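Visitor: Structure for the following, please:
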Amino acid sequence: MMKLDRIHLYATPPQPCSYLKQEESTTLFVDPDAPKDMRLYERLSEHGFRRSGKHIYRPYCKNCHACISVRLPVSQFLPTRSQKRVIKRNRDIDVIKVAAEFNEEHFDLYNRYQQSRHKDGGMDKTSRTEYEEFLITDWCDTVFYEFRLQEQLVGVATADISASSFAAMYTFFDPEFKKRSLGSYAILWEIEETKRLGLNWLYLGYWIRECQKMNYKTNYQPLEYYQYGIWSPLSPS
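Guide: Prediction:
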């Protein structure tokens, strides 16, 4: 097992930020050739790191600290009235756990989702290789959850599961079912799954206060954020 003080970290050159147009972004990542496992990933998650494909990374921008890692202590979560309505609206959906491997049906849904949500944004024309390199790696305990409505695939949530936490990796869903709020429902379902598995935390990735697309994460309280080496409560305002 690699010790944290022996990890080699590398930084990418500055490049235009995809979230804040006026900023440049730099990413700090663990040596791609270093051995990795879930124990290392779990410890690094506690320090604000996240996974993309086989890489473990976190933002490391010189002049900006807007990207903040957030997590939810699931035992303290209580759904709001609107969240209860989302749960009720989707009670006819079945969730099925499947292996984290390429599936043509998943891939077709992923591309339809990207074309709807990120048209001309660089993610709307994804190859099979890019899809697999983004979501799947051989060293991580990743699970795919299918959301099916009368056997029709309407969503897929991918997650990494460690000894104490459930990391929501990526979720994509059928854009034709907008009224069901499937993105919100997936998070609410993941909260309950994290509880059912006896885990403490649901990691929700990075949050940027100035980014409207990320505001939804503050709807799940009590959210905690990691900054300057400490996890602290994050106000919804």
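Visitor: Break this structure into its domains for me.
Guide: Domain segmentation of the chain under automatic domain parsing yields 4-65, 71-233.
Visitor: In CSV: the ones you listed, plus mean neighbour count and mean pLDDT.
Guide: Just so you know, the C-beta spots here come from the backbone N, C-alpha and C atoms, and that holds for glycine as well. Output for the domains of the chain, formatted as CSV (neighbours: other C-beta atoms under 10 Å; pLDDT from 0 to 100):
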stretch, mean neighbour count, mean pLDDT
domain 4-65, 15, 93
domain 71-233, 16, 94
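Visitor: which stretches of the protein form strands?
Guide: For the chain, the strands defined by DSSP state E occupy 9-11, 15-16, 24-25, 27-30, 50-52, 55-59, 68-73, 93-99, 142-149, 152-161, 165-173, 201-207, 224-227, 230-233.
Visitor: Who are the packing partners of the third one?
Guide: This points to strand 24-25. Applying 3 or more C-beta pairs under 8 Å, 6 or more residues apart in numbering; DSSP states H and E, one finds that strand 24-25 makes contact with strand 15-16.
Visitor: Show me what the strand it packs on packs onto, helices and strands only.
Guide: Short answer (3+ C-beta pairs under 8 Å, 6+ apart): strand 15-16 packs on strand 24-25.
Visitor: Report the distance from stretch 8-21 to the chain centre.
Guide: Centroid displacement of stretch 8-21 relative to its chain, using C-alpha atoms, centre = their mean, to the nearest Å, is 19 Å.
Visitor: Endpoint to endpoint, that stretch covers what distance?
Guide: Length of stretch 8-21, first residue to last, C-alpha to C-alpha, to the nearest Å: 30 Å.
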